[in-house]
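K.L.:
need a structure here:
(4 chains)
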Number of protein chains: 2
Amino acid sequence: MQQSVFKALADPTRRLILRRLGERSMTAGELGQGLDISKPSLSHHFNVLKAADLVRSDRDGQSIIYSLNASVLEETIGLMLELVQGTTSEEQSHAQR
Amino acid sequence: MQQSVFKALADPTRRLILRRLGERSMTAGELGQGLDISKPSLSHHFNVLKAADLVRSDRDGQSIIYSLNASVLEETIGLMLELVQGTTSEEQSHAQR
DNA sequence: GACATATTTAGATAATTATCTAAATATCTA
DNA sequence: TAGATATTTAGATAATTATCTAAATATGTC
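P.N.:
Below is the predicted model of the structure:
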């Protein structure tokens, strides 16, 4: 479950898509603009994002509108915060290269 | 820079390592306990985590002590929060499968 | 110095994944 | 229904990555 989310976040194209969807919902075509990548590849990325439930899709006529599902991201942020909060300042001060 | 962090987070073994280091700093050997994986594979994961600057290492005699570098995780959490905060409740309500 | 312990590096292999082209599906309009 | 537009699915290929064994490096102890 978290695995699919982190896998989805690992690709820069997908993170760009999420950033754009953070601004507003968009069609697949709009999301592809300026992204030097084929339509099928883009579609593959949508599938990965949907599998992680990071985005939802809605057909509107010929277009498919994608929107961000913020709650999944929020949960993930929550997990990451727990991790960071486990770290004591004592341990931080010892961290050095 | 962010790419190396998200790539590092994409693997479940590495996330487990980070969770353990969130509790306390540990040697490579300790981190490997109960992890059905070879030493070299574990070492590979340490390298990926170090490349992302998510962990730091310190030699202590024969052992190498790994510790979490929380600041990189914090920055990443910050980026993810920005993304989520871009989403309006209007858009949220439209998100449906 | 020889040996044991802890860990890493080197190199090979198998699994995963990102990408592409071609073809299929869905919708709209004339 | 024919044609145009938007998007996806299928299938192949190339790149990336996780894993392993064997060997190397670093440290401590006798």
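
K.L.:
Look up the residues forming beta bridges with residue A:55.
P.N.:
residue A:68 (DSSP bridges).

K.L.:
what's the spacing between it and residue B:83?
P.N.:
12 Å (Cβ to Cβ, to the nearest Å). Every C-beta, even on glycine, is put in place using the N, C-alpha and C of the backbone.

K.L.:
Name the residues contacting each of these two.
P.N.:
Both residue A:55 and residue B:83 are in contact with A:18, A:68, where contact means Cβ atoms under 8 Å, 6 or more residues apart in numbering or on different chains.

K.L.:
what about stretch A:21-31 and DNA strand C, touching?
P.N.:
No: residues of stretch A:21-31 contacting DNA strand C under Cβ under 7 Å from any atom of the strand: none, with a closest distance of 12.0 Å.

K.L.:
How about the contacts made by the nearest residue to residue A:77 once chain neighbours are set aside?
P.N.:
Nearest residue to residue A:77 in three dimensions, chain neighbours excluded: residue B:80, at 5.2 Å (Cβ to Cβ, 6 or more residues apart in numbering or on different chains). Shown in contact with residue B:80 (Cβ under 8 Å, 6+ apart): A:73, A:76-77, A:80.

K.L.:
give me the element the residue of chain A found nearest DNA strand D is part of.
P.N.:
Nearest residue of chain A to DNA strand D (Cβ to the nearest atom of the strand) works out as residue A:29 at 2.3 Å. Assigned by DSSP states H and E, residue A:29 belongs to helix A:28-32.

K.L.:
Can I get that helix in CSV? Just the C-alpha atoms.
P.N.:
The C-alpha coordinates for helix A:28-32 follow below in CSV (Å, rounded to 0.1, in the frame of the first residue of the first chain):
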residue,chain,number,x,y,z
ALA,A,28,-4.4,13.9,-19.8
GLY,A,29,-3.6,16.1,-22.8
GLU,A,30,-3.0,19.2,-20.7
LEU,A,31,-0.8,17.2,-18.3
GLY,A,32,1.3,16.1,-21.3
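
K.L.:
more neighbours, residue A:55 and residue B:83?
P.N.:
residue A:55 (24 against 20; other Cβ atoms under 10 Å in any protein chain shown).

K.L.:
Would you map the strands across chain A?
P.N.:
Ranges of strands within chain A are A:26-27, A:55-60, A:63-68, based on DSSP state E.

K.L.:
could I get these as JSON lines with mean pLDDT?
P.N.:
As requested, those are exported to JSON lines (pLDDT from 0 to 100):
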{"stretch": "strand A:26-27", "mean pLDDT": "98"}
{"stretch": "strand A:55-60", "mean pLDDT": "97"}
{"stretch": "strand A:63-68", "mean pLDDT": "98"}
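
K.L.:
Mean neighbour count, the ones you listed: which tops it?
P.N.:
When the strands of chain A are scored by mean count of other Cβ atoms under 10 Å in any protein chain shown, the highest mean neighbour count falls to strand A:63-68 (a mean of 20).

K.L.:
between it and strand A:55-60, how many degrees?
P.N.:
For strand A:63-68 against strand A:55-60, the angle by axes from the mean of the first three to the mean of the last three Cα atoms, to 10 degrees is 150 degrees.
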